[in-house]
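J.: Next input, structure requested:
(chains A and B)
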Amino acid sequence: GAVVSQHPSRVICKSGTSVKIECRSLDFQATTMFWYRQFPKKSLMLMATSNEGSKATYEQGVEKDKFLINHASLTLSTLTVTSAHPEDSSFYICSAPPQGYNEQFFGPGTRLTVL
Amino acid sequence: LAKTTQPISMDSYEGQEVNITCSHNNIATNDYITWYQQFPSQGPRFIIQGYKTKVTNEVASLFIPADRKSSTLSLPRVSLSDTAVYYCLVGETGRRALTFGSGTRLQVQP
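T.: Alright, predicted model coming up:
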């Protein structure tokens, strides 16, 4: 199956700093990637749809100026959490649908802890 | 995506067969039924997908009745490593964003 990677796997930062999370499709090209957030014991919540070469589409309630998404190539999407605060601490997961598949492949997730 | 309802949690013992049922009364004609598995601190992993009747792979079976308003994921002879959250999703999955429900937390005991 297709492989999606994320980097870093976990990050701890101070309040007010910015954190960048990378999502890569390793063996396929992805014109679209999705970013989800998951709080402890909760389900995944879609944050935004990342589109290669165009602006991301954000879900209602997700601040686009706080969660910057850049999909600069067909294999890389980045999520930058700007001016992070403790309430942004969460598990961030990306996914991508390879051509020819009717399911999505998820990255391993990034655990963000903001102190 | 069609709304789904599944049990919040289930308990089982090693070696038993586990059946998790998902209700999706508003499923549309073009919708598929897809199940994902998620271990703690990991991204979800695709298990199985079907449209109607029965689908089987090396991991599980998926039973879908004729009216397609529900589906049952069957895990044969579970082991401790099957302890995870199982999500049922309905829709034209693949190229679109997924809407996850609450999932079913399966706990397998020795």
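J.: Helices of chain A, residue ranges please.
T.: Taking DSSP state H as the criterion, chain A carries no helices.
J.: for chain B, what are the nearby residues on it?
T.: Chain A comes close to chain B at residues A:1, A:4, A:6, A:32, A:34, A:36, A:43-46, A:49, A:91, A:93-95, A:97, A:101-109, A:111, as judged by CB under 8 Å from any CB of the partner chain. Just so you know, the C-beta spots here come from the backbone N, C-alpha and C atoms, and that holds for glycine as well.
J.: Just the buried residues from those, in PyMOL please.
T.: Buried members of those can be picked out in PyMOL with the line below, counting by 16 or more other CB atoms under 10 Å in any protein chain shown:
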select buried, chain A and resi 4+6+32+34+36+44+45+46+49+91+93+94+95+97+101+103+104+105+106+107+109
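J.: Among the residues of chain A next to chain B, which ones are in strands?
T.: Residues from the residues of chain A next to chain B lying in strands, with DSSP state E as the criterion: A:4, A:6, A:32, A:34, A:36, A:45-46, A:49, A:91, A:93-95, A:105-106, A:111.
J.: so which of these comes closest to chain B?
T.: Proximity of those to chain B (CB to the nearest CB) peaks at residue A:106, which lies at 3.3 Å.
J.: Just the buried positions in stretch B:27-39, please.
T.: Neighbour counts over stretch B:27-39 (16+ other CB under 10 Å) mark B:27, B:31, B:32, B:33, B:34, B:35, B:36, B:37, B:38 as buried.
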